[in-house]
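>>> Here is a sequence together with a model predicted from it:
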Amino acid sequence: CGLVCPERPEPDYPLQLSKAPTQEEFIRGAMTKNPYMKSSLGPLMRDVKNRICRDLDMVGLIEDDNGMELLVAGKIVKLDLPVAAVYEQVW
C-alpha cells in the first residue's frame with residue numbers, strides 16, 4: 001500500500017516547556033533549551049516529564065508518574081499519550 005497511500009513521516013514538533021509561575025519557588029532551575037524538539041524527547045508525554053525532571057535536577061520523580069503533572073493549554077495530560085497526538089489535538 002506504500003505506492004497508493006504513502007506513509008507520511010511524523011513531523012518533529014517544537015515544544016515550548018516552562019514552569020507554572022506558581023511553581024517557581026518550589027521547582028528550582030530553568031528550562032533553557034527551548035524550544036525542545038520532539039525527536040530529542042521521545043514519543044510519549046512521559047518522556048517529556050522525564051526530560052523536565054532530568055533538566056531540573058529532580059531525578060527522584062523520573063520513576064514516579066504521580067509526582068508531577070503536565071499542563072498543556074491549561075489541561076492536565078496523561079503521561080501515556082503520544083506527544084504528536086497532544087500537540088495536534090490540544091496545543
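Here it is on my side, so go on.

>>> Sketch out the low-pLDDT regions of this protein for me.
Residues of the chain meeting the criterion pLDDT under 70: 1-3.

>>> Dead centre of it: give me the residue that sits there.
V48 (3.1 Å; Cα atoms, centre = their mean).

>>> buried residues in the helix or strand that one falls within?
In the assignment (DSSP states H and E), V48 maps to helix 45-55. Buried residues in helix 45-55, counted by 16 or more other Cβ atoms under 10 Å: 45-53. Every C-beta, even on glycine, is put in place using the N, C-alpha and C of the backbone.

>>> ok, then the element right after it?
strand 70-72.

>>> now for that next one, which elements pack on it?
Under the contact criterion of 3 or more Cβ pairs under 8 Å, 6 or more residues apart in numbering; DSSP states H and E, strand 70-72 touches helix 45-55, strand 75-77.

>>> just so I know, which of those lies nearest I27?
Between I27 and the helices and strands packed on strand 70-72, the shortest gap by Cβ to Cβ is with helix 45-55, which sits at 9.0 Å.

>>> list the helices and strands the closest one packs on?
helix 38-41, strand 70-72, helix 83-89.

>>> could these be laid out in a markdown table, adding mean neighbour count?
Shown next, in a markdown table, are those (neighbours: other Cβ atoms under 10 Å):
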| stretch | mean neighbour count |
| --- | --- |
| helix 38-41 | 16 |
| strand 70-72 | 15 |
| helix 83-89 | 15 |
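
>>> Having no further points to raise, I will conclude here.
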